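>>> Have a look at this fold, sequence not included:
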């Protein structure tokens with residue numbers, strides 16, 4: 001947990017919010033929260049913040065940055081993971097979901 005927090009602090013200070021490494025770190029940290037710690041609300045919150053922060057910056061870069069081969073092409077793919085996968089997880093804790101089944 002400490003390593004993720006340190007890495008997140010460094011990424012936030014050194015990389016733009018739409019940088020693929022920063023976004024990939026957010027995905028991994030979200031998965032850690034959800035799968036390992038069972039903290040779905042924290043997982044969703046982290047993923048949504050990473051997505052929202054990145055989407056704001058998309059308008060500041062030209063389309064060429066996000067095209068295949070562009071500097072941030074991977075960012076668009078990772079953003080799909082954040083939006084479709086991680087952000088789509090239920091906010092109910094996993095152990096409560098299993099009890100409801």
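That came through, no problem. Small disclaimer: the values here were computed from a predicted structure and weren't measured.

>>> could you point out which element follows the helix of greatest length in the chain?
As assigned by DSSP state H, the longest helix anywhere in the chain is helix 40-58. Using DSSP states H and E, the helix or strand that follows helix 40-58 in sequence is helix 73-80.

>>> just checking, residue 40 touches residue 46?
No: with contacts counted by C-beta atoms under 8 Å, residue 40 stays clear of residue 46, the gap being 10.8 Å. Any C-beta I mention is one placed from the backbone N, CA and C, and that applies to glycine too.

>>> Quick check: neighbours shared by the two?
Listed as contacting both residue 40 and residue 46 by C-beta atoms under 8 Å, 6 or more residues apart in numbering are residue 33.

>>> which one of the two has more residues nearby?
Using other C-beta atoms under 10 Å as the criterion, residue 40 and residue 46 rank with residue 46 on top: 24 against 21.

>>> How about that one: what's its closest non-neighbour residue?
Using C-beta to C-beta, 6 or more residues apart in numbering and skipping the chain neighbours, the partner closest in space to residue 46 is residue 30 (5.0 Å).

>>> For residue 45, give me its contacts.
Contacts of residue 45 (C-beta under 8 Å, 6+ apart): none.

>>> show me what contacts residue 67?
Residue 67 touches residue 73, counting by C-beta under 8 Å, 6+ apart.

>>> Next, give phi and psi for it.
Backbone geometry at residue 67, expressed as degrees, to the nearest 10, gives phi -70, psi 160.

>>> Which pLDDT value goes with it?
As predicted, residue 67 sits at a pLDDT of 74.

>>> so what pLDDT did residue 36 get?
So residue 36 comes in at 94 (pLDDT).

>>> what's the burial count for it?
Neighbour count for residue 36, taken as other C-beta under 10 Å: 10.

>>> any weak-confidence spans in this structure?
For the chain, residues meeting the criterion pLDDT under 70 lie at 85-89, 91-101.

>>> Show me which positions of the longest helix of the chain end up buried.
40, 42-44, 46-48, 50-51, 53-54, 58 (16 or more other C-beta atoms under 10 Å).

>>> Need these in CSV (columns: distance to residue 64).
Output for the buried residues of helix 40-58, formatted as CSV (distance: C-beta to C-beta, whole Å):
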residue, distance to residue 64
40, 37
42, 36
43, 33
44, 32
46, 29
47, 27
48, 27
50, 23
51, 22
53, 22
54, 17
58, 13
